[in-house]
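K.L.:
predicted structure and sequence below. I'll ask about it afterward.
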Amino acid sequence: MELTMRNFTIISALLVLAGCQSSVPFEPVSDPCNSLQHLSTVGTKAEELDRTSFPSGTRFITPDTAVTRDYRPDRLNVHINEKGRVERIDCG
């Protein structure tokens, strides 16, 4: 493959852009419920969780749990999937 000036310019631009990529997929603007402190529990079996390590008012939500739709940014939600593992953690 012949490396023309145009190809060289395109490849150079792509390399520069690749170098600008952040290694962190996102940077939260705020984390009012401190969810980031509990992200290591994602994938854990719900029965193995030390529920006392979570803040008061934390909701442990399973597929059959009825929850209110009110949004409280300071409330931590632990979502447990049908297999009994923590699927995600968020505020609300």
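P.N.:
In hand now; what should we look at?

K.L.:
now do the helices in the chain.
P.N.:
With DSSP state H as the criterion, the chain has helices at 5-19.

K.L.:
which sections of it are below the confidence cut-off?
P.N.:
Where the chain drops to pLDDT under 70, the residues are 1-8, 13-28.

K.L.:
and for Arg69, the neighbour number?
P.N.:
The local packing of Arg69 (other C-beta atoms under 10 Å) involves 5 other residues. Where C-beta positions appear, they are placed from N, C-alpha and C, glycine not excepted.

K.L.:
cool, and the one 3 residues further on?
P.N.:
Burial measure for Arg72: 14 neighbouring residues, criterion other C-beta under 10 Å.

K.L.:
same deal with Ser56?
P.N.:
For Ser56, using other C-beta under 10 Å, the count is 7.

K.L.:
now Thr44
P.N.:
By other C-beta under 10 Å, neighbour count at Thr44 equals 14.

K.L.:
thought it was touching Lys83?
P.N.:
No. If you go by C-beta atoms under 8 Å, Thr44 and Lys83 don't touch, sitting 11.6 Å apart.

K.L.:
give me the common contacts of these two.
P.N.:
Residues touching both Thr44 and Lys83 by C-beta atoms under 8 Å, 6 or more residues apart in numbering: none at all.

K.L.:
done for today, thanks.
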